[in-house]
Every structure is written in structure tokens, then in C-alpha cells.
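Colleague: this one's sequence-less:
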């Protein structure tokens, strides 16, 4: 078990006083058997009303509705949590799904339907061509091995590129440029899985790598694939790893552009582009 302290600060500075419209915050991790939140504090300025809800995916969503204008917006999330996913490879796939191709059982397929539909349908022929070295019709391969091979191939063959622009690249763009951010790599992996008939979803959260300098952390994105018998299993095509206790899942979605940590808008007398600053700090608390 790892005990982690995470601080995530997001600040917007505006050239003039603006009217802040409601902001949607996805900053609280998804609790479960593998993760427990000991404490959570969310500090927001200027004055506001805060309302919590669960969205259709079960994500914890905070809506901040502001009651006064301001030239600065500050949001600081502080978390203390316990992460128990020390053995990410300790899982069993149902017998019928050990080898690919396989078909999901009828009752599960109903629920998995949205995660089987591609978001970038026009890119599916390109994805099919890119996947041919990994699997071709008539071939039988171990399901986990296939996923692990695709995951590691993205890490090996595509350069990581930090991008500040919102949204994600299409798989076609990532394939053409052979580079992308973590969310672009996750999107490529997800759409490749859907091309193969495997249910996959997008995950946003934090990366708390043991290889990082103490105190440094980052927002991050990866993918989860639904494997019968094992459930949703995480794959990180940025690192080529199976997801374990270095990854803190905050939100999941069918669509890779629908779960940014902070989203919202403002009204101003003149057009402007606010300055944004994001800092994520992580500390492992020794027992």
C-alpha cells in the first residue's frame, strides 16, 4: 500500500475583471477496493457556491458557481489517499476470453455498447491497417499479450509531445506525426481496441511515478479495457505499463475530450486570453 499526498493547483489570471460562468471540476479520485481517500479539501477563490454530483460514469463532479466578478481564479485540491493496487498483473481473465478473438457475453455487451463504438469512425480504416502486424483475421493470440504488445508499440514507436492545446489529436493525426501527448496516445490505444471489438474507455488522473523527483507529479491520461473475469484493466501507452499504484484515476469516459480536470468559461468586456498556471505536487507518506 502507498500513502500519497497530492496537491493540484490551477490558477487563471485575466487582464481585466471578468464574470466567471460555472466551472466543472473533476479533481476527486475514484474510490474503491484499490483506493481510499483519507481526506480531501478543495479551496476556490473568488466567492462561490459549490455543488457535488455523480455523473453518468460515476465520477465525482464539483460545480463551482461564482457570486462575484474577479480578475483571478484559483482552485487548489489537496488529497491524502491510500493506494492498494500493488500487483497490477494479479488478475484472471475468464476462460472464454483468454484468447482473442472472443465475443462478450450478451448481458455484458449491452452495458459495454458505448465503449465499443469508435469516436473517430473515419479513422478506422487507418487503424485497421496499423493493427495488421499485431493481429490478422484468422489468427488466435492471447488477449493480454495482444493488448500488451499494442501498448508497448505505441510507447516504442511514437514520441511523447507535451501539448497545451485543449482536446485530443485524432488517431489519424497521431499516426501521421508519430507523436502526441499522453491523452493522444491513450486515444490511439482506445480506438485501436474498439477497432478490434474490445471495449475501452479514457481515464484522466494523476501520475505519481516512483521514478520522478520527490514532490513532483503530473496530471495524466491512459486507457482501460474491459476483460471478462478481470473487469476494467488499465494500460498506459505513454509508458507501456499496465496501470498500478503509480496511477490515480479521477474520471473515466467513453469520449476522450469530456473529462478535463477543469473546464468553464467567462464573460469579458473585451476579448482576452487568460494566463493559466498548473502545478501538481506529490509526496509519498511513509508509514
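Modeller: Happy to help now that I have it. Note that the structure is predicted; figures quoted are calculated from it, not measured.
Colleague: phi, psi of the nearest residue to residue 238 once chain neighbours are set aside?
Modeller: Of all residues not flanking residue 238 in the chain, residue 182 sits nearest, at 4.4 Å (C-beta to C-beta, 6 or more residues apart in numbering). Bear in mind the C-beta positions are built from the backbone N, C-alpha and C, glycine included. Main-chain torsions, residue 182, degrees, to the nearest 10: phi -60, psi -40.
Colleague: and if you look at residue 146?
Modeller: The phi/psi pair for residue 146 (degrees, to the nearest 10) is phi -60, psi -50.
Colleague: who are the neighbours in contact with residue 23?
Modeller: 63, 64, 66, 73, 75, 262, 263, 264 (C-beta atoms under 8 Å, 6 or more residues apart in numbering).
Colleague: output the below-cut-off pLDDT ranges for this protein.
Modeller: Judged by pLDDT under 70, the chain has its weakly predicted residues at 209-217, 287.
Colleague: distance of the residue nearest to residue 238 relative to residue 218?
Modeller: From residue 182 over to residue 218 the distance is 9 Å, taken as C-beta to C-beta, to the nearest Å.
Colleague: picking up where we left off before, can you select the buried ones from the contacts of residue 23 in ChimeraX?
Modeller: To isolate the buried subset of these in ChimeraX, counting by 16 or more other C-beta atoms under 10 Å, use the following:
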select :64,66,73,75,262,264
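Colleague: make JSON lines from the contacts of residue 23 and add secondary structure and distance to residue 169 to it.
Modeller: Shown next, in JSON lines, are these (DSSP: H, G, I helix; E, B strand; the rest coil; distance: C-beta to C-beta, whole Å):
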{"residue": "63", "secondary structure": "strand", "distance to residue 169": "29"}
{"residue": "64", "secondary structure": "strand", "distance to residue 169": "29"}
{"residue": "66", "secondary structure": "strand", "distance to residue 169": "32"}
{"residue": "73", "secondary structure": "strand", "distance to residue 169": "28"}
{"residue": "75", "secondary structure": "strand", "distance to residue 169": "27"}
{"residue": "262", "secondary structure": "strand", "distance to residue 169": "21"}
{"residue": "263", "secondary structure": "strand", "distance to residue 169": "19"}
{"residue": "264", "secondary structure": "coil", "distance to residue 169": "23"}
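Colleague: columns distance to residue 115 on top of the contacts of residue 23, output as CSV?
Modeller: Formatted as CSV, those follow (distance: C-beta to C-beta, whole Å):
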residue, distance to residue 115
63, 26
64, 29
66, 35
73, 34
75, 30
262, 25
263, 22
264, 27
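Colleague: from the contacts of residue 23, which single one is nearest residue 150?
Modeller: Minimum distance to residue 150 across those is 29.9 Å, recorded for residue 263 (C-beta to C-beta).
Colleague: now that closest one: closest residue in space that isn't a chain neighbour?
Modeller: Per C-beta to C-beta, 6+ apart, closest to residue 263 is residue 24, 4.9 Å.
Colleague: and the one you found, what does it touch?
Modeller: Applying C-beta under 8 Å, 6+ apart, the residues contacting residue 24 are 61, 62, 63, 262, 263, 264.
Colleague: next one: residue 184
Modeller: By C-beta under 8 Å, 6+ apart, residue 184 lies in contact with 161, 163, 168, 169, 173, 174.
Colleague: just the buried ones from the residues you listed?
Modeller: Listed as buried from the contacts of residue 184 are 168, 169, 173, 174; burial here means 16+ other C-beta under 10 Å.
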